[in-house]
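Visitor: could you look at this predicted model? Sequence included:
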Amino acid sequence: RKNKQENIIVQQIVNVAPDRSRKDVGTLKQSLERAESAQLPNRYKLYDLYHDVLSLDGHLSGLIGKRTKAVAGRALKFLDSKGGKVDAMDKFIGSTEFRDLVEELMNTIYWGATAIEFTIGGKFSFTSIDRRHLRPEKREIALSQYDTKGIPADTLPHVWMIGKPYNLGRLLKCSMYALYKRSGFGDFAQYVEIFGQPVRVVKYDAYDRRTQEELRKALDESGSSLVMMIPKQADFQMLDGKTSNGNGELQERLIKICNEEMSVAILGNTETTTSSSSSGYAQAEIHAEQQDDITADDMRYVLNLLNSDYFMGILASYGYPVEGGCFAWVEEKDLAKLKARLDIDLKVADRVPVGDDYWYETYGIPKPENYEELVRRKEEQRQAALEAMRKTDGKDGKEDEDDDKRKKLIDRITGFFAAPLAE
């Protein structure tokens with residue numbers, strides 16, 4: 001029991017609250033230098049910054065949620081060694097724990113590294129190890145986030161460390177824009193606070209102290225709007241910046257540009273999240289296709305991890321029937337793409353034989369259980385119709401003036417009772 005307990009890493013880690021101190025681009029630079037140190041790399045400051053910007057920036061967290069859900073929301077199935085679906089795995093694949101695992105695998109793309117510790121025995125469950133304790137360069141897990149050395153992850157049988165050694169994740173590309181955006185919001189809020197309400201300017205005689213005190217008392221009791229009291233003898237001029245930024249557009253543009261840059265870094269485009277004044281249907285369609293390509297790449301990435309020997313070994317330790325099998329995505333039909341493909345397929349089918357199975361598989365149509373019987377019956381109906389037309393021609397015994405009409409009718413019947421296409 002004692003040895004088993006000592007192997008649980010998450011119980012030995014010294015947890016420290018996230019750093020919520022003020023952060024700017026200078027903080028990002030220092031954190032990056034520490035993470036990229038050739039001798040003693042440590043990512044805890046950089047990951048503290050990642051956590052800070054991600055937890056407070058609604059646009060950035062929305063982008064990551066959108067990319068993650070595009071994969072985590074897809075249906076998976078498990079196939080045996082012969083390609084047949086294993087129904088016994090459906091409950092596990094549909095569980096909350098499995099979905100959480102897929103989301104954690106996707107988080108590796110944004111953070112650069114992930115370590116998961118699986119619970120020994122019992123029901124499938126896991127705990128994500130605080131990334132500030134990871135040392136991916138040496139594949140170690142530090143018990144304290146300040147330590148430069150740790151326990152080799154490969155010696156821990158139920159710990160799965162994922163990520164390339166020097167990959168710092170997509171959040172690195174977004175952090176600078178998130179910090180500039182935060183600064184822009186601060187300037188915008190200050191602009192609204194100063195110029196969003198009327199400014200009261202009161203002038204008094206510099207030598208009349210009694211009047212000055214009475215005016216101050218009256219203004220304090222009359223509201224919270226900005227007040228300026230200046231002597232009549234003073235020369236006062238207020239430069240409010242309205243000549244170049246009359247409506248706060250400057251700060252708004254900065255925030256918008258930062259959002260767009262983060263959208264490109266996470267989703268590869270801008271139009272699938274926000275629309276610009278110059279965007280149109282064609283541009284939005286191109287951006288949607290670009291995002292589809294990224295989603296397809298993410299699906300391959302997650303599938304490779306799920307089908308890795310390590311994870312298969314973990315599932316086998318829980319008693320799941322995974323030997324010789326693999327995970328696979330359930331193919332989802334895009335109606336718009338299928339419509340365009342159908343036009344091409346129909347033209348190809350006019351020139352070369354196309355097997356019936358192709359139509360069933362491509363367009364997701366269930367194949368009837370009595371398929372062979374239906375094909376045979378359809379062929380019998382077609383042959384009977386053709387035979388009836390031949391008998392009608394034989395009774396006539398001479399060239400019919402409506403021969404062309406009859407040929408057209410035969411063609412129509414043949415087309416209706418079309419012969420089964422070659423398998």
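Guide: Arrived safely, thanks for sending.

Visitor: ok, now which ones touch the residue nearest the centre of the chain?
Guide: In the chain, the C-alpha nearest the mean C-alpha coordinate belongs to residue 67, at 0.6 Å (CA atoms, centre = their mean). Residues counted as contacts of residue 67 (CB atoms under 8 Å, 6 or more residues apart in numbering) are 106, 109, 266, 267, 294, 295, 298. Any C-beta I mention is one placed from the backbone N, CA and C, and that applies to glycine too.

Visitor: so of those residues, which ones are in helices?
Guide: Using DSSP state H, the members of those that fall within helices are 106, 109, 266, 267, 294, 295, 298.

Visitor: isn't the fifth one right up against residue 264?
Guide: No: taking CB atoms under 8 Å as the definition, residue 294 is not a contact partner of residue 264, at 11.0 Å.

Visitor: buried residues in the helix or strand where residue 258 lies?
Guide: Taking DSSP states H and E as the criterion, residue 258 maps to helix 249-267. Across helix 249-267, burial judged by 16 or more other CB atoms under 10 Å covers 251, 254-256, 258-267.

Visitor: any idea which of those residues is least confident?
Guide: Ranked by pLDDT, the buried residues of helix 249-267 bottom out at residue 251, which scores 82.

Visitor: which residues touch that residue?
Guide: Counting by CB under 8 Å, 6+ apart, residue 251 makes contact with 184, 185, 187, 188, 191, 245.

Visitor: from residue 178, how far out is it?
Guide: In this view, residue 251 and residue 178 are 15 Å apart by CB to CB, to the nearest Å.

Visitor: so residue 332 sits in a helix?
Guide: No: per DSSP: H, G, I helix; E, B strand; the rest coil, residue 332 lies outside any helix segment and is coil.

Visitor: quick check, it in contact with residue 76.
Guide: No: with contact defined as CB under 8 Å, residue 332 does not count as touching residue 76 (11.6 Å).

Visitor: any low-confidence regions in the stretch 101-250 of the chain?
Guide: Applying pLDDT under 70 to the stretch 101-250 of the chain flags residues 194, 197, 223-226, 236-248.

Visitor: quick one: the helices in it?
Guide: 171-195, 209-220, 249-267 (DSSP state H, counting those that start in this stretch).

Visitor: and the gap between residue 75 and residue 119?
Guide: Residue 75 is 26 Å from residue 119, by CB to CB.

Visitor: for those two, indicate the residue with more neighbours.
Guide: Set side by side, residue 75 and residue 119 show more neighbours around residue 119, with 15 against 10, by other CB atoms under 10 Å.

Visitor: can you get me a residue count around the nearest residue to the more buried one once chain neighbours are set aside?
Guide: Closest residue in space to residue 119, ignoring its immediate chain neighbours: residue 125 at 4.4 Å, by CB to CB, 6 or more residues apart in numbering. If you count neighbours by other CB under 10 Å, residue 125 ends up with 14.

Visitor: try residue 386
Guide: 13.

Visitor: what do you get for residue 98?
Guide: Neighbour count of residue 98, defined by other CB under 10 Å: 17.

Visitor: name the SS class of it, please.
Guide: Going by three-state DSSP: residue 98 is helix.

Visitor: separation between the nearest residue to it once chain neighbours are set aside and residue 306?
Guide: In space, and not counting its chain neighbours, residue 98 is closest to residue 92: 5.9 Å by CB to CB, 6+ apart. Relative to residue 306, residue 92 is positioned 12 Å away (CB to CB).

Visitor: then residue 296?
Guide: Using CB to CB, one gets 16 Å for the distance from residue 296 to residue 306.

Visitor: which of those two has more neighbours?
Guide: Using other CB under 10 Å, the more surrounded residue of residue 296 and residue 306 is residue 306, with 20 against 13.

Visitor: my guess is the more buried one contacts residue 327. True?
Guide: Yes: shown here, residue 306 and residue 327 form a contact pair, counting by CB under 8 Å, at 4.6 Å.

Visitor: shared neighbours, the two?
Guide: Counting by CB under 8 Å, 6+ apart, the residues touching both residue 306 and residue 327 are residue 76.

Visitor: residue 353 should be in a helix, yeah?
Guide: No: under three-state DSSP, residue 353 sits outside any helix and is assigned coil.

Visitor: next one: phi and psi at it?
Guide: Main-chain dihedrals, residue 353, degrees, to the nearest 10: phi -70, psi 140.

Visitor: mind checking how far the residue nearest to residue 98 is from residue 84?
Guide: Distance, residue 92 to residue 84, using CB to CB: 17 Å.

Visitor: now swap in residue 172 and tell me
Guide: Counting by CB to CB, the gap from residue 172 to residue 84 is 43 Å.

Visitor: between the two, which one's more packed in?
Guide: residue 172 (20 against 10).

Visitor: right, and the more buried one touches residue 29 too?
Guide: No: in this structure, residue 172 is not within contact of residue 29 by CB under 8 Å, at 11.6 Å.

Visitor: returning to that earlier point: just confirm the residue nearest to residue 98 is within a strand.
Guide: No: under the criterion used here (three-state DSSP), residue 92 is helix, not part of a strand.

Visitor: number of residues surrounding the closest residue to residue 219 other than its chain neighbours?
Guide: Leaving aside its sequence neighbours, residue 219 sits nearest to residue 227 (CB to CB, 6+ apart; 4.9 Å). The number of residues packed near residue 227 is 15, by other CB under 10 Å.

Visitor: from residue 192, how far off is residue 227?
Guide: Counting by CB to CB, the gap from residue 227 to residue 192 is 18 Å.

Visitor: one more: residue 326?
Guide: 56 Å.

Visitor: tell me which of the two has more neighbours.
Guide: Between residue 326 and residue 192, residue 326 has the larger neighbour count (other CB under 10 Å), namely 15 against 12.

Visitor: my guess is the more buried one contacts residue 79. True?
Guide: Yes: under the criterion of CB under 8 Å, residue 326 makes contact with residue 79 at 5.8 Å.

Visitor: what ranges does this protein have for its strands?
Guide: Secondary structure of the chain (DSSP state E): strands at 76-79, 114-118, 126-128, 134-135, 140-141, 151-152, 159-162, 199-204, 226-231, 326-329.

Visitor: most packed of these?
Guide: Comparing those by mean neighbour count (mean count of other CB atoms under 10 Å), strand 134-135 comes out on top with a mean of 25.
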